[in-house]
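Q: sequence unknown, structure follows:
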């Protein structure tokens with residue numbers, strides 16, 4: 001005989017408003033009646049506005065912060081939700097999402113789901129849509145770009161030398177670290193660059209970056225533009241004069257007596273072998289290495305200049321070399337005998353002396369150096385020698401000096417350049433000289449692997465094809481001897497050192513065309 005199993009049914013009551021049978025709740029009303037009598041979104045506005053800058057595609061996040069955001073992105077949703085007033089502990093946000101609208105309609109719709117407690121513990125959930133009207137408004141940065149002479153601070157970077165290779169290298173360092181992001185304009189000058197900024201703090205940050213990568217000294221001045229005596233406010237324009245030490249890599253220097261004594265009696269005839277935030281010098285006859293700080297150069301010592309530069313390098317051929325036991329880092333002292341390439345077939349003049357390149361030079365190699373037998377110097381630059389004679393030559397680096405060959409060579413890599421305003425007063429001869437300086441700078445990058453590690457090099461679209469073509473042409477050259485082949489091999493930039501060139505603006509244009 002089967003047992004009787006009672007069935008339990010939930011107790012229901014009638015809604016006090018419409019009489020519908022419902023499960024008992026503290027309000028004794030059905031959901032429809034509660035929604036009809038209570039609107040938990042009553043204090044929340046259903047239409048708001050957002051400000052959008054047409055020039056940079058950024059949205060205003062009050063009070064004054066501009067944020068880049070794409071349509072229907074998380075960043076834009078955050079900006080829209082922060083504009084809503086009325087969301088608090090009583091009305092909680094549960095979910096939010098976009099409702100599709102035409103991109104050109106200047107309307108953004110956001111669907112929100114909120115919850116709130118009503119009638120002693122009853123939780124009511126409601127979904128509604130807020131419409132945002134997009135208003136066009138220029139941000140401060142775009143306003144300054146459209147107007148002229150709106151900068152508040154300028155960094156005037158100068159170097160008193162005959163070439164611009166220092167600024168080409170400094171440009172690559174700035175691009176790698178994005179140090180020019182806050183600048184509103186860059187203008188070329190005959191002896192340097194001007195960087196314009198909207199605020200003094202941005203300019204100070206840029207000057208601090210320059211001090212970290214190059215030796216320099218700075219001077220600051222300010223000019224009163226306007227003042228308000230009632231509010232006691234003043235508006236200034238600030239100028240930061242940045243003077244880079246007028247010494248470059250591979251320059252020949254004769255140190256003044258005070259500077260030489262401050263550096264442990266080095267030299268006085270030394271070679272600049274590296275530039276960082278300090279000037280690194282080398283005595284090629286003793287391998288003594290010292291560093292010159294900007295403070296020592298300008299304040300404690302006597303400011304000096306180089307007595308010879310890369311412009312006056314002469315090509316030599318190594319006839320004989322005997323390495324010595326003195327070694328320091330990558331340098332090794334050696335006794336060497338060389339002859340000028342220009343003397344071959346004319347005379348039998350040879351020169352003997354010492355060099356710091358004993359580790360890499362071999363008989364038959366080509367080497368560049370300064371010919372001091374035919375050079376002319378001012379007496380004031382050689383005072384510290386105290387009557388001692390100059391050596392016949394001073395070797396600088398292994399390699400050749402063929403500017404015509406490097407100028408016609410097509411490279412499989414490239415460098416990026418900053419967007420800057422050209423100097424209107426620049427003459428045609430100055431432009432040609434600048435182009436040659438840039439070509440020499442590219443040649444230095446090819447020859448110095450350590451220099452390449454500090455900057456970004458980018459691949460050309462057909463980099464592999466160009467590289468194979470250049471190497472094939474190099475193998476077919478009959479007039480290149482073994483020493484020159486070794487020097488050229490050192491100048492090859494490997495594909496593994498190059499970065500892919502990616503331009504966001506080009507990608508966006510391609511998507512728009514599709």
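A: Yep, it's here. These numbers were taken from a predicted model, which means no experiment stands behind them.
Q: Can you list phi and psi of residue 430 for me?
A: Dihedral pair for residue 430: phi -70, psi -40, per degrees, to the nearest 10.
Q: any idea how far it lies from residue 309?
A: Distance, residue 430 to residue 309, by CB to CB, to the nearest Å: 18 Å. Where you see a C-beta, it was placed from the backbone N, CA and C, and this is true even at glycine.
Q: Please compare the two by neighbour count and tell me which comes out ahead.
A: residue 309 (20 against 13; other CB atoms under 10 Å).
Q: now the helices for the stretch 201-350 of the chain?
A: Remark: helices assigned in the stretch 201-350 of the chain by DSSP state H, counting those that start in this stretch are 257-262, 294-295.
Q: among these, which is the most enclosed?
A: helix 257-262 (a mean of 17; mean count of other CB atoms under 10 Å).
Q: what pLDDT, on average, does that helix get?
A: Across helix 257-262, pLDDT averages out at 88.
Q: same question, stretch 296-310
A: Stretch 296-310 carries an average pLDDT of 84.
Q: thinking again about what came up before, nearest to residue 194, out of the helices of the stretch 201-350 of the chain?
A: Among these, the nearest to residue 194 by CB to CB is helix 294-295 (20.9 Å).
Q: so where's this structure uncertain?
A: Within the chain, the stretches with pLDDT under 70 are 1-2, 4, 120, 144-145, 147-149, 301, 401-409, 476-491, 502-514.
Q: And the helices in it, which stretches?
A: With helices called from DSSP state H, the chain shows them at 31-37, 74-82, 140-146, 165-177, 200-213, 257-262, 294-295, 403-408, 428-447, 449-452, 463-476, 482-490, 504-513.
Q: just those: most buried one?
A: Greatest average neighbour count among the helices of the chain goes to helix 165-177 (a mean of 19), per mean count of other CB under 10 Å.
Q: and that one, how far out from the chain's middle?
A: Its chain's C-alpha centre and that of helix 165-177 lie 7 Å apart, by CA atoms, centre = their mean, to the nearest Å.
Q: possible to save the helices of the chain as CSV with distance to residue 341?
A: Output for the helices of the chain, formatted as CSV (distance: least, CB to CB, whole Å):
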stretch, distance to residue 341
helix 31-37, 96
helix 74-82, 63
helix 140-146, 53
helix 165-177, 24
helix 200-213, 36
helix 257-262, 33
helix 294-295, 38
helix 403-408, 15
helix 428-447, 18
helix 449-452, 26
helix 463-476, 20
helix 482-490, 11
helix 504-513, 47
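Q: Residue 127: which of those is closest?
A: Nearest to residue 127 among these is helix 31-37 (11.0 Å), distances taken as CB to CB.
Q: Who are the packing partners of the closest one?
A: Judged by 3 or more CB pairs under 8 Å, 6 or more residues apart in numbering; DSSP states H and E, the packing partners of helix 31-37 are strand 122-136.
Q: which residues touch the strand it packs on?
A: Residues outside strand 122-136 that contact it (CB atoms under 8 Å, 6 or more residues apart in numbering): 25-27, 31, 34-35, 38-41, 44-54, 80, 83-84, 94, 99, 106-118.
Q: Would you show me how to pick out the buried ones of the residues you listed in PyMOL?
A: Remark: buried members of the contacts of strand 122-136, expressed as a PyMOL selection using 16 or more other CB atoms under 10 Å:
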select buried, resi 25+27+34+38+40+41+44+48+50+51+52+53+80+83+84+108+110+112+114+116+118
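Q: Okay, and which of the contacts of strand 122-136 map to strands?
A: If you go by DSSP state E, those have 47-53, 94, 99, 107-118 in strands.
Q: partner residues bridging the closest residue to residue 10 other than its chain neighbours?
A: Nearest residue to residue 10 in three dimensions, chain neighbours excluded: residue 23, at 6.2 Å (CB to CB, 6 or more residues apart in numbering). For residue 23, the beta-bridge partners under DSSP bridges are residue 12.
Q: same deal with residue 136?
A: Going by DSSP bridges, residue 136 forms beta bridges with residue 52.
Q: Same question for residue 370.
A: Under the criterion DSSP bridges, residue 370 forms beta bridges with residue 313, residue 394.
Q: measure it to residue 172 for me?
A: Distance from residue 370 to residue 172, counting by CB to CB: 27 Å.
Q: quick one: which of the helices of the chain is nearest residue 327?
A: The closest of those to residue 327 is helix 449-452. By CB to CB, the value is 18.7 Å.
Q: coming back round to it: enumerate every residue touching the residue nearest to residue 10.
A: Counting by CB under 8 Å, 6+ apart, residue 23 makes contact with 10, 11, 12, 13.
Q: returning to that earlier point: of the helices of the chain, give the one that comes closest to residue 288.
A: Among the helices of the chain, the nearest to residue 288 by CB to CB is helix 257-262 (10.8 Å).
Q: by contact count, what packs against the closest one?
A: Using 3+ CB pairs under 8 Å, 6+ apart, no helix or strand is in contact with helix 257-262.
Q: what's that helix in contact with?
A: By CB under 8 Å, 6+ apart, the surrounding residues in contact with helix 257-262 are 266, 267, 268, 292, 296, 297, 300, 301, 302, 304, 383, 384.
Q: Let me have those in CSV, adding neighbour count and distance to residue 442 as columns.
A: CSV is the format used below for the contacts of helix 257-262 (neighbours: other CB atoms under 10 Å; distance: CB to CB, whole Å):
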residue, neighbour count, distance to residue 442
266, 19, 33
267, 24, 32
268, 22, 33
292, 23, 28
296, 18, 32
297, 21, 29
300, 11, 37
301, 20, 34
302, 13, 35
304, 19, 29
383, 13, 37
384, 19, 36
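Q: from these, which ones fall inside strands?
A: Counting by DSSP E, the contacts of helix 257-262 place residue 292 in strands.
Q: Could you report the neighbour count for the nearest residue to residue 471 once chain neighbours are set aside?
A: In this structure, residue 471 finds its nearest non-sequential neighbour in residue 492, 7.7 Å apart by CB to CB, 6+ apart. Around residue 492 there are 15 other residues, counting by other CB under 10 Å.
Q: Tell me which residues touch residue 454, please.
A: For residue 454, the contacting residues are 172, 173, 176, by CB under 8 Å, 6+ apart.
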